[in-house]
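> With the sequence up front, the predicted model follows.
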Amino acid sequence: MEKKLILGLETSCDETAAAVVAEGREMLSNVIASQIKEHQKYGGVVPEVASRKHLEIVNIIVARALQEANCTFSDLAAIAVTNGPGLVGALLVGVNCAKTLAYALGKPLVAVNHVLAHVAANYLVHEVIFPAVCLVVSGGHTSLLYLTSRSQAVLLGGTRDDAAGEAFDKIARVLDLGYPGGPAIEKAAAEGNPKAFNFPRAFSGQDDILEFSFSGLKSAVINNLHHMRQKGQSFSVSDVAASFQEAVIDILVEKTVLAAAAKQVKTVLLAGGVAANNLLRERLEKSLQNDGRTLLVPPASLCTDNAAMVAAAGWDFYVSQKFAGLDLNATPVLDKIWQAD
Ligand code: KG4
Ligand code: ZN
């Protein structure tokens, strides 16, 4: 029998993406149009600009995804779309495109939580043995999840304020390193001394807390910069970047190791845009190895927003026949981790 194909759609932030994935694993196409250039001049994503750009290009991206997968609309089993969390105007473009396709083609519609989609990037490249713990760390999320299957996730803890990626982006802006901040900070940090500044690590050593907070760290970096600039003191941007990155990574590693130990899992997954950070990957892998655990991470290209991960996550909902209605709406805050079985 022919394999079942899911078309995935992703427009939650500044990437317009469509992909065709066979049975939740096999990536047949993965087309991404990044709007980074549009937003760079503003130093961050402008929501209204993002929605307009999605609208201009979404149909073209869908057509290209089908073409690259060498299939047509009639070959699809279902349409999966990110319906939240994210920028509401941006999400609405993908959701309406998916609803229109589902209605016109008479195919099932599947709503995908963006956080679960990031987790699912791992399923495209790894055979995951459950239970597992996953750290989803991106521009919008810093969440520790406990997974008992591909589609059963429980939130162990999240961030009380900023997401880690958001902190990377804000600190890059105050250091004039440009947008997106993560890769820029990582590059600058490679030349710097991670011990030059001792920035705060919220909840470090508090083993009963599996949550994060990055606003104090952000303020500490900004205050330090103000003081040095006011006093006319010279400083190395690379040292600030390296010390900031070190503080973020230290706490991400500490809490993930703690969660893995608490849940006694053998496997830990890393996902989301910040998972593209090489130092985070290395440090987390090493710390988990010391405890006899394995770290799985998707390639960097599947860590940042894409639609293959949406189609992969959508597969499990398709199998469980958890379909969305044509009244599906975009949900900017979607804390609930939707479970398929
Ligand atoms: O997953 P993603 O593409 O979008 C969201 O769902 O938010 O993640 C984007 C975030 C941005 O904050 C970006 O600065 C960060 O991921 N990022 C990185 C790196 N590459 C991207 N952060 C740290 N190091 C990187 N190499
Ligand atoms: Zn994302």
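Right, received. Where do you want to start? Bear in mind the structure is a predicted one, so any value in this text is a computation, not a measurement. Ligands and ions are numbered 1, 2, ... in the order given.
> drop to CA atoms for contacts and neighbour counts, all remaining ones
Will do.
> Please, where are all the strands along the stretch 151-300 of the chain?
For the stretch 151-300 of the chain, the strands defined by DSSP state E, counting those that start in this stretch cover 152-157, 267-271, 294-296.
> Tell me which other helices or strands the last one touches.
The elements that strand 294-296 packs onto, with contact taken as 3 or more CA pairs under 8 Å, 6 or more residues apart in numbering; DSSP states H and E, are strand 267-271, helix 278-290.
> for it, what is the average pLDDT?
For strand 294-296, mean pLDDT is 98.
> So for that strand, what gets flagged as buried?
Using 16 or more other CA atoms under 10 Å as the test for burial, strand 294-296 gives Thr294, Leu295, Leu296.
> Okay, buried residues for whichever helix or strand comes after that strand please.
Downstream of strand 294-296, the next assigned helix or strand under DSSP states H and E is helix 300-303. Of all the residues in helix 300-303, those buried under the rule 16+ other CA under 10 Å are Leu302, Cys303.
> near ligand 1, which residues of the stretch 1-150 of the chain show up?
Ser138, Gly139, Gly140 (CA under 6 Å from any ligand atom).
> Kindly compare burial across the strands of the stretch 151-300 of the chain and name the winner.
strand 267-271 (a mean of 26; mean count of other CA atoms under 10 Å).
> From ligand 1, how far out is Ala17?
Distance, Ala17 to ligand 1, using CA to the nearest ligand atom, to the nearest Å: 11 Å.
> List the backbone torsions phi and psi for that residue.
Recorded main-chain torsions at Ala17 are phi -140, psi 140, according to degrees, to the nearest 10.
> which non-adjacent residue is nearest it?
Taking CA to CA, 6 or more residues apart in numbering, and ignoring the residues beside it in sequence, Ala17 has Ile32 as its nearest neighbour in space, at 4.4 Å.
> Which residues are in contact with that neighbour?
Residues counted as contacts of Ile32 (CA atoms under 8 Å, 6 or more residues apart in numbering) are Glu15, Thr16, Ala17, Ala18, Ile61, Asn306, Ala307.
> Now render those residues as a markdown table, adding secondary structure and pLDDT.
Listed next are the contacts of Ile32 as a markdown table, based on DSSP: H, G, I helix; E, B strand; the rest coil; pLDDT from 0 to 100:
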| residue | secondary structure | pLDDT |
| --- | --- | --- |
| Glu15 | strand | 92 |
| Thr16 | strand | 96 |
| Ala17 | strand | 98 |
| Ala18 | strand | 98 |
| Ile61 | helix | 98 |
| Asn306 | coil | 98 |
| Ala307 | coil | 98 |
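> mind giving me the domain ranges of this structure?
5-120+303-319, 128-297 (automatic domain parsing).
> where do the helices sit along the stretch 151-300 of the chain?
164-174, 181-189, 215-230, 237-263, 278-290, 300-303 (DSSP state H, counting those that start in this stretch).
> The last one: what's the following helix or strand?
Reading on from helix 300-303 to the C-terminus, the next helix or strand found by DSSP H and E is helix 308-319.
> Strand 152-157 and that next one, what's the angle between them?
130 degrees (axes from the mean of the first three to the mean of the last three CA atoms, to 10 degrees).
> Next, count neighbours for the closest residue to Asp75 other than its chain neighbours.
The spatial neighbour of Asp75 that comes closest, neighbours along the chain excluded (CA to CA, 6+ apart), is Leu5 at 7.0 Å. Leu5 has 26 neighbouring residues, counting by other CA atoms under 10 Å.
> just Ser151 next, same as before
A total of 21 residues lie near Ser151 under the criterion other CA under 10 Å.
> And for Phe235?
Neighbours of Phe235 (other CA under 10 Å): 12.
> The residue lying closest to it once chain neighbours are set aside and Glu56, how far apart?
Take Phe235 and drop its neighbours on the chain: the residue closest to it by CA to CA, 6+ apart is Met228, 7.4 Å away. Met228 is 45 Å from Glu56, where distance means CA to CA, to the nearest Å.
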